[in-house]
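Enquirer: No letters, just coordinates:
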């Protein structure tokens, strides 16, 4: 009836081992192919075609192990190779193989992070790793919670800030306080608005502060808006600065923003989900100057640091606040009469109950690089970003959206021959259709992937991300030439 | 400088392969040991001792691969074997090896579920699997989102319910509407209160309805409270029934609760995180009768169905509502001018941005069992629960907390010899200390693990969970005898 492996048939070790080793063979072949630049990044099919190409139905009777192995091969074949050196599509790119091995182990250990009782080593590991990260932020002390992604981390931070200012909202609800309001730059991540929606603060009460030509929040505009809100009867409680914006990779000026927050007694949050990794580089960490003045920081090791999805941490400077904000003290989980020091049970400071083990893959990866190796890797990516920027500037047909990017996002247009001499208005209108066309062709060819979007007055442009450790100069040259090949005659 | 494997040193395939195969050797040895009943479930150490036993620091220089392999062995050795057949401590027990292999693959594919663009196959897989689950719930149609655990899933449901009734809260905040209130049983999961805290509804505005002697919500008490709340000016909007409570495994009477919700026009949510899996059994699914009348359902395949942590789904009956509730439409991610049908991009109905791939491990596991195999596995667990219950009832020194459990939670006391003839008051006071003592000794011995807690008037009792497929009758006999051995002379 069942597949013939453990734990259903407890004696069949041989069959179990054979099956698992066969899976590993498939995964190793995949990794090898992914690292082969002559292989495709993807084999694109439209949803309706894809549905025909692969049978995804759940059967009445069990499928034999051999069929499951075929399934694995097929699924990988039709997927997108996000670890391919020519995949530049997302902020989280690349496949660090030590982190991956760590995730294999975490899957096999399959435990839950809520108590020391069942996660003794991983709980201590979280303490050790976050201690180092808190030092890098520049706090003397601090608290933390690993969360499933930056959006939930930002939600944790905003909720802690509300609890700090208005603890009675937890028992009594938001209708018990006047209208709160929050501030973030117009280039910040949408999860700030999303958190405000969930929390009953309201997206209209998150004010998007204008940015300068680099995509950085303008401090004066922030203070003006705060003063205006106060005059209108709002209660400003939360400012989210961004260290590494999603599209332009801009770093908001934290020191000036921190001054404003201090003057107006507002919680300062720094969303460093993307930019946090720069703290590991002595050369580049100045971009986050002032981050030690934040009340909360979000930092996603699954972005610049290359941990597998997901690995995100919300740091809160005031120790104890996360617990006060989120604790519900269920008897069945966090008993106080356990045989060990229950202050190690982290679960009651989370809004989640069960939590996935996201620490092991980060810890083992960090051990594999050391502080020195990480710094070198990050400096190397910054060098590649400079290389790519210089090359784009010099190559005919390319135009930068922001002339001197601060980080690993390089935003540019490719202007096909026929558009180069048009007047601005017509050029802009036609340019808007170029990136989507090139992207579609790129996906059809399967050679490379890079994202695009419009932004305010700018028509669609490409947003290049250099965050995979696999990237070399030659890969960047390839992308530049590939876009020309596809786009030249559009 | 770096560890000598891909993708840093792109040519070293041999070293890479060797390292990854060595990790797999370690994992296979662990699995083999975990399935050996003569091995320990854990090697317990207090936090301070544990800190001395293992070096968790992050080094300045990279560690060599050999050291990392040693780390892996050491971490596994000091961890808790949650897949051991004698681990009964949590609702999520056991290690399904097909699901584990699925998680290995998902780690290697390392993609993000927000767009069809980078997750074409997995997005279609989610559609296919949830279609079957929606049929099992009994809806004609429905929407879904995979979430990191039941607590976040419940938050999704409560937020969708609020948006359905009061859509203006999303832009304007909760202070724009009168005080909302929600209802759940006093035995429900704490994440309902937690969701209300985060959402700005307030924990005091979640009313805990009394339960009967089986731990099931009393419908009359619910209706009385709803009427009272309305008279007091509250806006009742959400009732959470539970299918499989955390401690007693009780199933609230959904049909009667649904009638009440209809009469008062309140959203009916069913938290079937734990009990949902019974829908796969023709014999036992009657416990969830009426679930098709719910507006939302949470169902965690990482519980009864045995998928690896985490795999949780929030189902919403009204198609489109999740999107309306959560969408923020960021340009950089969900462009409308993509070359494919963008209705397949699921990300904008999530409050998360990035989402881990939780579908593959569920899909491949389900393929390995088929509908028939799953049904058999679940029926078998229910049979084991009955076997254990009957045995406990017949064994001297044991007393049931709830005489006839409905599900796979069996709650009982072990009463040591010396306490059996005391008067009730003294017995109760002393009994409260028995379970913690036995548990501490159990962990010291490392032979088995089972949870305990107090509950209302009841002193500390054990909560046995039978959800691991590895469990046999002999394992249950062992636990019963082990508790006697430890507890007899307390």
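Expert: Good, I have the coordinates. Every value quoted in this text rests on a predicted model; they were computed, and no experiment measured them.
Enquirer: Now residue A:39. Nearest residue, chain neighbours left out?
Expert: Nearest residue to residue A:39, sequence neighbours excluded (C-beta to C-beta, 6 or more residues apart in numbering or on different chains): residue A:33, at 4.9 Å. Where you see a C-beta, it was placed from the backbone N, CA and C, and this is true even at glycine.
Enquirer: show me where pLDDT drops low in the stretch 1-150 of chain A?
Expert: Along the stretch 1-150 of chain A, segments meeting pLDDT under 70 span A:1-3, A:9-10.
Enquirer: Just give me the residue right at the centre of chain A.
Expert: When C-alpha atoms, centre = their mean is applied to chain A, the residue found nearest the centroid is residue A:303 (4.8 Å).
Enquirer: That residue and chain B, how far apart?
Expert: Taking C-beta to the nearest C-beta, to the nearest Å as the measure, residue A:303 falls 9 Å from chain B.
Enquirer: before we move on, what SS does that residue have?
Expert: At residue A:303 the chain is in coil, as set by DSSP: H, G, I helix; E, B strand; the rest coil.
Enquirer: ok, it touching residue A:409?
Expert: No. In this structure residue A:303 lies outside contact range of residue A:409 using C-beta atoms under 8 Å: 11.5 Å.
Enquirer: helices and strands around the helix ranked longest in chain A, which ones?
Expert: The single longest helix within chain A, with elements called by DSSP state H, is helix A:359-394. Helix A:359-394 sits against helix A:97-109, helix A:120-137, strand A:398-400, strand A:409-414, helix A:473-487, helix B:65-78, with contacts defined as 3 or more C-beta pairs under 8 Å, 6 or more residues apart in numbering or on different chains; DSSP states H and E.
Enquirer: Dihedrals phi and psi, the closest residue in space to residue A:41 that isn't next to it in sequence?
Expert: Of all residues not flanking residue A:41 in the chain, residue A:84 sits nearest, at 4.7 Å (C-beta to C-beta, 6+ apart). Here is the backbone geometry of residue A:84 (degrees, to the nearest 10): phi -60, psi 140.
Enquirer: distance of residue A:84 from residue A:382?
Expert: Using C-beta to C-beta, to the nearest Å, residue A:84 is found at 22 Å from residue A:382.
Enquirer: Settle it for me: which of the two has more neighbours?
Expert: Legend: neighbour count by other C-beta atoms under 10 Å in any protein chain shown for residue A:84 and residue A:382, higher for residue A:84 (28 against 17).
Enquirer: How about the contacts made by that one?
Expert: Counting by C-beta atoms under 8 Å, 6 or more residues apart in numbering or on different chains, residue A:84 touches A:34-35, A:37, A:39, A:41, A:470.
Enquirer: of those, buried ones?
Expert: A:34-35, A:37, A:41, A:470 (16 or more other C-beta atoms under 10 Å in any protein chain shown).
Enquirer: from those, which single one is nearest residue A:230?
Expert: Nearest to residue A:230 among the buried ones among the contacts of residue A:84, counting by C-beta to C-beta, is residue A:470 at 49.9 Å.
Enquirer: What helix or strand is the closest one located in?
Expert: Using DSSP states H and E, residue A:470 sits in no helix or strand.
Enquirer: on that earlier part again, which element is the residue nearest to residue A:39 on?
Expert: Taking DSSP H and E as the criterion, residue A:33 maps to helix A:13-34.
Enquirer: So which residues make contact with that helix?
Expert: Contacts of helix A:13-34 (C-beta under 8 Å, 6+ apart): A:4-6, A:9, A:39, A:65, A:68-69, A:72-73, A:76, A:81, A:83-84, A:95, A:97, B:6, B:13, B:16-17, B:20-21, B:24, B:28, B:31-32, B:35, B:97, B:101, B:104-105, B:108-109.
Enquirer: could you redo the last one with a cut-off of 7 Å?
Expert: Contact with helix A:13-34 is made by A:4-6, A:39, A:65, A:69, A:72-73, A:76, A:81, A:83-84, A:95, B:13, B:17, B:20, B:24, B:28, B:32, B:97, B:101, B:104-105, B:108, as judged by C-beta atoms under 7 Å, 6 or more residues apart in numbering or on different chains.
Enquirer: ok, stretch A:71-78 near chain B or not?
Expert: Yes. Remark: stretch A:71-78 sits within contact range of chain B at A:71-72, A:75-76, A:78, by C-beta under 7 Å from any C-beta of the partner chain.
Enquirer: residues in contact with that stretch?
Expert: Contacts to stretch A:71-78, defined as C-beta under 7 Å, 6+ apart, come from residues A:23, A:26, A:30, A:43, A:50, A:53-54, B:105, B:109, B:120-121, B:364, B:367.
Enquirer: can you check stretch A:43-60 too?
Expert: Stretch A:43-60 is contacted by residues A:74, A:77-78, A:443-444, A:446, B:116, B:120-121, B:124-125, B:128-129, B:132, B:340-341, B:344, B:366-367, B:370-372 when judged by C-beta under 7 Å, 6+ apart.
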